[in-house]
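*Asks:* need coordinates for the following:
(chains A and B)
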Protein chains: 2
Amino acid sequence: MSFNTELKVGVLGGGQLGRMLLQSAININIDLKMMDADPSAPCSKLVSDFVVGDLEDFDAVYQFGKQCDILTIEIEKVNIEAMKKLQSEGVKVFPQPEIVEMIQDKRVQKQFYIDNNIPTAPFVLTDSRADLEKLSDKFPAVHKIGKGGYDGRGVQIIKSKDDIAKGFDAPALLEEFVPFKKELAVIVSRNENGEVNTFPVVEMVFHPEHNLVEYLLSPAVIDKSEAEKAKKVAIEIIQKLEMVGILAVEMFLTKDNQILVNEIAPRPHNSGHQSIEGNFVSQYDQHLRSILNLPLGDTSTKISSAMVNVLGEDGFKGDAKYEGMDEIMRISGASVHLYGKKLTKPFRKMGHVTITDPSLTSLKRKIEIVKSTLKVKA
Amino acid sequence: MSFNTELKVGVLGGGQLGRMLLQSAININIDLKMMDADPSAPCSKLVSDFVVGDLEDFDAVYQFGKQCDILTIEIEKVNIEAMKKLQSEGVKVFPQPEIVEMIQDKRVQKQFYIDNNIPTAPFVLTDSRADLEKLSDKFPAVHKIGKGGYDGRGVQIIKSKDDIAKGFDAPALLEEFVPFKKELAVIVSRNENGEVNTFPVVEMVFHPEHNLVEYLLSPAVIDKSEAEKAKKVAIEIIQKLEMVGILAVEMFLTKDNQILVNEIAPRPHNSGHQSIEGNFVSQYDQHLRSILNLPLGDTSTKISSAMVNVLGEDGFKGDAKYEGMDEIMRISGASVHLYGKKLTKPFRKMGHVTITDPSLTSLKRKIEIVKSTLKVKA
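*Replies:* Residues are numbered from 1 along each chain as shown, chains lettered A, B, ... in the order given. Below is the predicted model:
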């Protein structure tokens, strides 16, 4: 059977994840169609078939999807009903709409873990901010909004009663504050044939204030048994879901060496960018292989890597200017990825830098240089 | 100084080299404009600013170039006069037009080697096929057409008088047949600041009949002293030329361990594809860095690699069908690059496969599998 390069593959969303997916799709002659509400989205100039449309609007998504053989996403905030109708009409929608729907609501996501014996931090549901008043015995805890949270928004740490005002006055959940050693992530993928594999476990270091990944190490510096446990949980989740595509599983490694699932994202993810340079296949290659039902690739580490997010500098808003690029380009093994966003604002994800280096010491030194050198101002 | 992502960079040619250059340009927010005579060229759907135009036509090249801050090429068959005029009007044309002009004519190219003490095989000029009659004492020899040769065309081996009919009835040169151990290539780059560096020496294995690279090993399996000699020659050439951009230098390693330059190409080259996966920067990254006057990147080998060209199968012409893709995708470290060409014909370059593997034995085994498995038919 010959490889079908004529397949019409549509992507809901045209941001940075779509942009890197596109770079992979070029390698296998697959023309992606993309839709995004922003006419100047990162992918807008790179695909001949770029549609401006509201991803949460039924008609926009349905009309776009009708022209596709396969429909995928690079963001979860999409219209589920349209995806379900498309699926019922024969379009292959990967990840499947029911899974995206479940993940869109962190309360339902949590219930899925409970129902399937997936280890996760204990929690209680809250329907309004007022509910927090009755739960002060659980503080310090983490308040997470059910729907609409994204990229550090929709999560608040409630240390004491004084923080209740920061809580969400909407359906949410209050999660026990887990004393963890490390935050880990595993990217797992599954194709239609049911073939499953995982990338090596990575380790994320968060910025204490902005709740965004500050840098990431691949592979994680953890015991082999811990890595195996983390991978096993990721595989269990994707198999229970029977999901097709790539799934990022964020986890805590607790102080008593438990693995607890934090949250999942059914798409290429911030915790997999470094696979472009560091692994034999990238998460983008693998996502395409999954949804096209091709054999999954070898996810092994080619070389140790780190990933540093490049965020808009605090205090600057406007046309993005990149300072320090020359210095970064002089660092052996540093690969810059800018996302093609015209406007910067504080903490906006404007790009990332992957650093590849076989030595962990050298990797960490280079991370510090990148962090202190590359600035996005306006 | 901040990095200027607003630079208008134009590329003459929109083929596979342009396509891979584009994948690199995406990473640094540089929007490439491209021109190609073929409206369905490999880059046609991937740049918003794709112009259909004849690369050898003065007006087409001039009008296209006038809209650019920097103009580069991905093919040498371009109109030199237009490039010279653009250069005189302040457009940065890299590689410089005089260099492309010199390289367009293999006779002039040879004279450049002689004038600059660059080692190359002895030769005599021929003006017509009839000239070959008088040169039979030099057979076996290689007849190379002066202008217009490309990708194995324009070169004929003249073993004896019986082969004279294969010779070119046009200005050409007859080169001594060099008994060589290996064919090598070095990619060297230079930016406007005069910074120069080379990629590791690679080794090319040619198909005996079609005179196209069959596979390539990076780095070449040669002595360190031979590698140093090859790199030194490449650096000498680019420095003598004061060229800005990337230059591929093809060489023979003779049986008596001499390095002789065969020919040069002032652009990303077939002998550098594997750098995408195998080296810390790719030839495409490096070409952009050179022409944008950014610091050159670390060209070191990240992991040993091989590159196999994927050619249209003999006997097939029409809409390309790719057979064996599933099998290739199961090979650890195999990365497929298809070039987005709709039509296949015998021996047309339709793509390549890079294989990365630290073991040479395993690399060679995988090369054989790729060669016997992936077929482009119609």
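
*Asks:* in the stretch 51-200 of chain A, which spans are strands?
*Replies:* A:70-73, A:92-93, A:123-126, A:141-145, A:155-158, A:172-176, A:180-190, A:196-198 (DSSP state E, counting those that start in this stretch).

*Asks:* out of those, which comes closest to chain B?
*Replies:* Proximity to chain B (C-beta to the nearest C-beta) singles out strand A:196-198 among the strands of the stretch 51-200 of chain A, at 11.7 Å. Just so you know, the C-beta spots here come from the backbone N, C-alpha and C atoms, and that holds for glycine as well.

*Asks:* neighbouring strands for the very next helix or strand once past that closest one, and are they parallel or not?
*Replies:* Next in sequence after strand A:196-198, counting helices and strands by DSSP states H and E, comes strand A:202-206. Partner strands and pairing direction for strand A:202-206 (DSSP bridges) are strand A:180-190 (antiparallel), strand A:213-218 (antiparallel).

*Asks:* so can I have CSV of the strands of the stretch 51-200 of chain A showing mean pLDDT?
*Replies:* Listed next are the strands of the stretch 51-200 of chain A as CSV, based on pLDDT from 0 to 100:
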stretch, mean pLDDT
strand A:70-73, 98
strand A:92-93, 98
strand A:123-126, 96
strand A:141-145, 95
strand A:155-158, 92
strand A:172-176, 96
strand A:180-190, 96
strand A:196-198, 98
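
*Asks:* okay if I get those as JSON lines plus mean neighbour count?
*Replies:* Listed next are the strands of the stretch 51-200 of chain A as JSON lines, based on neighbours: other C-beta atoms under 10 Å in any protein chain shown:
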{"stretch": "strand A:70-73", "mean neighbour count": "25"}
{"stretch": "strand A:92-93", "mean neighbour count": "24"}
{"stretch": "strand A:123-126", "mean neighbour count": "18"}
{"stretch": "strand A:141-145", "mean neighbour count": "22"}
{"stretch": "strand A:155-158", "mean neighbour count": "18"}
{"stretch": "strand A:172-176", "mean neighbour count": "22"}
{"stretch": "strand A:180-190", "mean neighbour count": "23"}
{"stretch": "strand A:196-198", "mean neighbour count": "19"}
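
*Asks:* to B:Phe50, which of these lies closest?
*Replies:* strand A:70-73 (25.7 Å; C-beta to C-beta).

*Asks:* chain center to that closest one: distance?
*Replies:* Strand A:70-73 sits 16 Å away from the centroid of its parent chain (C-alpha atoms, centre = their mean, to the nearest Å).

*Asks:* and the residue lying closest to A:Asn197 once chain neighbours are set aside, what is it in contact with?
*Replies:* Spatial nearest neighbour of A:Asn197, excluding adjacent residues (C-beta to C-beta, 6 or more residues apart in numbering or on different chains): A:Leu296 at 5.0 Å. By C-beta atoms under 8 Å, 6 or more residues apart in numbering or on different chains, the contact list for A:Leu296 reads A:Ser189, A:Asn191, A:Glu195, A:Val196, A:Asn197, A:Val281, A:Gln286, A:Arg289, A:Ser290.

*Asks:* and the pLDDT for A:Leu296?
*Replies:* Looking at A:Leu296, its pLDDT reads 98.

*Asks:* for the one 10 residues further on, same thing?
*Replies:* Residue-level confidence at A:Ala306 comes out at 98, pLDDT.

*Asks:* now do the contacts for it.
*Replies:* A:Tyr215, A:Leu216, A:Leu217, A:Ser218, A:Gln274, A:Thr354, A:Ile355, A:Asp357, A:Leu363, A:Lys364, A:Lys366, A:Ile367 are the contacts of A:Ala306 under C-beta under 8 Å, 6+ apart.

*Asks:* now do the SS call for the closest residue to the first one other than its chain neighbours.
*Replies:* Spelled out, it's A:Tyr215. Nearest residue to A:Tyr215, sequence neighbours excluded (C-beta to C-beta, 6+ apart): A:Val308, at 4.7 Å. Judged by DSSP: H, G, I helix; E, B strand; the rest coil, the three-state class of A:Val308 is strand.

*Asks:* my read is that A:Val308 contacts A:Glu368, right?
*Replies:* No: taking C-beta atoms under 8 Å as the definition, A:Val308 is not a contact partner of A:Glu368, at 9.5 Å.

*Asks:* who has more neighbours, these two?
*Replies:* The residue with more neighbours, out of A:Val308 and A:Glu368, is A:Val308; 26 against 11, by other C-beta atoms under 10 Å in any protein chain shown.

*Asks:* and the more buried one, what does it touch?
*Replies:* With the criterion set at C-beta under 8 Å, 6+ apart, A:Val308 makes contact with A:Glu214, A:Tyr215, A:Leu216, A:His352, A:Val353, A:Ile355, A:Ile367, A:Val370, A:Lys371.

*Asks:* what residues does the fifth one make contact with?
*Replies:* Under the criterion of C-beta under 8 Å, 6+ apart, the contact partners of A:Val353 comprise A:Met307, A:Val308, A:Val310, A:Ile328, A:Ala334, A:Ser335, A:Val336, A:His337, A:Val370, A:Leu374.
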